[in-house]
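[1] Mind looking at a prediction? Sequence and model below.
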Amino acid sequence: MIPSSYYLALSAIIFVIGVVGVLVRRNAIVILMCIEMMMGAAGLAFVTFSRYLNSLDGQVAVFLVMAVAAAEVAVGLGIIVSVFRHKQTTDVDEINLLKW
Amino acid sequence: MEMVLFVVLGAIAIIAALGVIVAGKAIYSALFLLVNFCSLAGLYLLLNAQFLAAAQVIVYAGAIVVLFLFATMLLGGGEEARGTSNVKRHTSRYLAIALAVVLFMEVGYVLVSGTLTGMQGSDTPEAVASMGNVQAIGKLLFTDYLLPFELAAILLLIGIVGAVVLAKKEPNTQYPISNTQG
């Protein structure tokens, strides 16, 4: 059996790659993808602890997170499409109307 | 054997994750994301979470990535402007990477070097295998987690309505608006 710490390390690596993506990329769609990637990494940690603690609660949590992720992507892409109509861009640096 | 599978799937997941943030076009990012999700599904299988592995492929790879591809193609997945000599952007980029390294060290320290503790549950692999992973999760979902389950259903409905409202073309409005005020 593979030690839980290996899975947790992998989860941390993928999560941090997602954080870097959110901070570095400027395309709003790619930023949304990186957020999904971070959710996936968190899900891996959930399932790892579910195995470690002999409890299925973690797997149920991941299942519910999947539903939240699906709703989030639908609304997020709706917002991006709506912003694109007005600004003709998905570059987050250009979307600065509320920035002082 | 298990270790070999873990290393291969983990390497694919990390490379695909790097591909998402390195790829120049959003389309390639979406396809790398698909690879990342599929290798995560493989890791779920290694962790004895068969139902989640299937749900991962169906929900993430089947629905979410397709949605991303639709949006990318709708909005034109052109290349990001690169090499702009914006000093502020470069400093923020290096700062982002430095902060990410610090975050990784923190998370890694807490997760790996700390001793893992917690209350052990009753769902041992043998107990789950005797009734099946899907049945066990279904039982939990419709007893202890019934309220979150129903709330997730309502959330999905709100998500659908919200997406339609946000992306709907308003009548009597001419698009594209000529963008004069910047």
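    Noted; the coordinates are in hand.
[2] quick one: contacts of stretch B:62-79?
    Stretch B:62-79 has contacts (Cβ atoms under 8 Å, 6 or more residues apart in numbering or on different chains) with A:29, A:32-33, A:36, A:69-70, A:73-74, A:77, A:80-81, A:84, A:90, B:24-27, B:30-31, B:33-34, B:37. (C-beta placed from N, C-alpha, C; glycine too.)
[3] Can you flag which of those residues belong to helices?
    When the contacts of stretch B:62-79 are checked against helices (DSSP state H), the matches are A:29, A:32-33, A:36, A:69-70, A:73-74, A:77, A:80-81, A:84, B:26-27, B:30-31, B:33-34, B:37.
[4] Weed out the non-buried ones from the residues you listed.
    A:29, A:32-33, A:36, A:69-70, A:73-74, A:77, A:80-81, A:84, B:26-27, B:30-31, B:33-34, B:37 (16 or more other Cβ atoms under 10 Å in any protein chain shown).
[5] Buried residues in stretch B:134-148, which are they?
    Going by 16+ other Cβ under 10 Å, stretch B:134-148 has these buried residues: B:A136, B:I137, B:L140, B:L141, B:Y145, B:P148.
[6] Check those residues and tell me the two furthest apart.
    B:A136 and B:P148 (16.8 Å; Cβ to Cβ).
[7] which residues of the chain score low on pLDDT?
    With no chain named, the answer covers chain A. Low-confidence segments of chain A (pLDDT under 70): A:100.
[8] was after chain B, sorry
    Within chain B, the segments meeting pLDDT under 70 span B:77-90, B:111-112, B:114, B:171-182.
[9] all helices for it, in order.
    For chain B, helices defined by DSSP H occupy the ranges B:2-22, B:26-46, B:50-55, B:65-75, B:87-108, B:125-131, B:133-141, B:146-167.
[10] among the ones you listed, which is the most enclosed?
    helix B:26-46 (a mean of 22; mean count of other Cβ atoms under 10 Å in any protein chain shown).
[11] Quick one: work out the angle between that helix and helix B:65-75.
    Here helix B:26-46 points in a direction 180 degrees away from that of helix B:65-75 (axes from the mean of the first three to the mean of the last three Cα atoms, to 10 degrees).
[12] tell me how far helix B:26-46 is from the chain's mean position?
    On the basis of Cα atoms, centre = their mean, to the nearest Å, helix B:26-46 sits 9 Å off its chain's mean C-alpha point.
[13] what angle sits between that helix and helix B:2-22?
    Using the same axes, to 10 degrees: helix B:26-46 against helix B:2-22 is 160 degrees.
[14] Check which helices and strands helix B:26-46 is in contact with.
    If you count contacts as 3 or more Cβ pairs under 8 Å, 6 or more residues apart in numbering or on different chains; DSSP states H and E, helix B:26-46 packs onto helix A:4-24, helix A:28-52, helix B:2-22, helix B:50-55, helix B:65-75.
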